[in-house]
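Chemist: Below is the sequence, then the predicted model.
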Amino acid sequence: MEPVRTVEGRAYPFGAENVDTDIIIPAHWLKTTTRDGLGEGAFESVRAEPGNVFDNPEYAGAPVLIAGDNFGCGSSREHAAWALADMGVKAVIAPSFSDIFSGNAFKNGIVTVVLPQDAIDRLMEVAKTDEITVDLETMTVTTSFQDRFRFELDPFRRDCLMQGLDEVGLTLAKDTAISKYESGIANSRPWLVPQSGGEGRDESIAVESAGRA
């Protein structure tokens, strides 16, 4: 996962409320075994409408999406976050998010920014003509018109996003501690460590259990 410190650029002034994950990515797109190409199916039903914001060349490749209240509700499909990431969205700004969607977005390097409705209304207007900046260093959303909106983000998620650490990265970051722990186990309870003679972990655990009995 790439580090995310600042997201700057045009924003899709979407603004719709109660957008569920089926709208973000329809169910018939879930058969894929790869994340690549899901951006083509993102907001398929919305894109079927003439003049929709997602097919407007003015916003092509916009890294920010401005949405309405309760964004990402519905099913827990992680494909919704995959689809947004595949279409280039790195930050979503809304008054509120589904908890599951927010978690999936975080795991895929997408910043979910919660701001009050009046701030959303202002950003919707700015997005029609100018860029918007989401800064994780200062925890602010700013515009070229001197608008400045502060937001809150879980410190752990903020740190992971800024360092580019997903679940695999977090585990690898603890490699030294994990290795030290495993070495300690090998020294203090060698019967738990699989031997080259064919003995497995299950047999070692069985021996330990028998010894405790």
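Modeler: Received, thanks. Just so it is clear, the model here is predicted, and its values are computed rather than measured.

Chemist: from here on, contacts and neighbour counts on C-alpha atoms
Modeler: Will do.

Chemist: Can you classify the residue nearest the centre of the chain by secondary structure?
Modeler: Centre of the chain computed as the mean C-alpha position; nearest residue by CA atoms, centre = their mean is A105, 2.1 Å away. Look at A105: counting by DSSP: H, G, I helix; E, B strand; the rest coil, its state is helix.

Chemist: All further residue positions should be reported with the first residue as 21.
Modeler: Happy to do that; since the first residue is 21 now, the last one works out to A125.

Chemist: Next one: it from S116, what distance?
Modeler: According to CA to CA, to the nearest Å, A125 stands 13 Å off from S116.

Chemist: cool, K127 as well?
Modeler: Where S116 is concerned, K127 sits at a distance of 18 Å (CA to CA).

Chemist: Domain map for this structure?
Modeler: For the chain, automatic domain parsing gives the domain ranges 26-185, 194-232.

Chemist: Mean pLDDT lowest where, among the ones you listed?
Modeler: Looking at the domains of the chain, the lowest mean pLDDT belongs to domain 194-232 (a mean of 63).

Chemist: residues in contact with the helix or strand where I43 lies?
Modeler: Per DSSP states H and E: I43 is located in helix 41-44. With contact meaning CA atoms under 8 Å, 6 or more residues apart in numbering, helix 41-44 is reached by 62-66, 92-97, 100, 103-104.

Chemist: Can you name the next helix or strand after the one helix or strand A103 maps to?
Modeler: A103 belongs to helix 99-106 when assigned by DSSP H and E. The first helix or strand that comes after helix 99-106 along the chain, using DSSP H and E, is strand 111-114.

Chemist: Restrict stretch 55-72 to CA atoms and write it as CSV.
Modeler: The C-alpha coordinates for stretch 55-72 follow below in CSV (Å, rounded to 0.1, in the frame of the first residue of the first chain):
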residue,chain,number,x,y,z
ARG,A,55,-9.2,-6.1,-8.3
ASP,A,56,-8.1,-4.8,-11.7
GLY,A,57,-10.8,-3.4,-13.9
LEU,A,58,-13.4,-2.9,-11.1
GLY,A,59,-13.3,0.8,-11.7
GLU,A,60,-15.2,0.2,-15.0
GLY,A,61,-18.2,-1.1,-13.0
ALA,A,62,-18.1,1.6,-10.3
PHE,A,63,-21.4,3.5,-10.1
GLU,A,64,-22.7,1.6,-13.1
SER,A,65,-26.3,2.6,-12.5
VAL,A,66,-25.4,6.2,-12.0
ARG,A,67,-23.4,6.2,-15.2
ALA,A,68,-26.4,5.0,-17.1
GLU,A,69,-27.9,8.4,-16.6
PRO,A,70,-27.0,11.1,-19.2
GLY,A,71,-24.8,13.9,-17.9
ASN,A,72,-23.7,12.0,-14.8
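
Chemist: what's the spacing between the spatially closest residue to I140 that is not a sequence neighbour and R170?
Modeler: Excluding the flanking residues, the one nearest I140 by CA to CA, 6 or more residues apart in numbering is A114, at 6.7 Å. Note on A114: its distance to R170, by CA to CA, is 13 Å.
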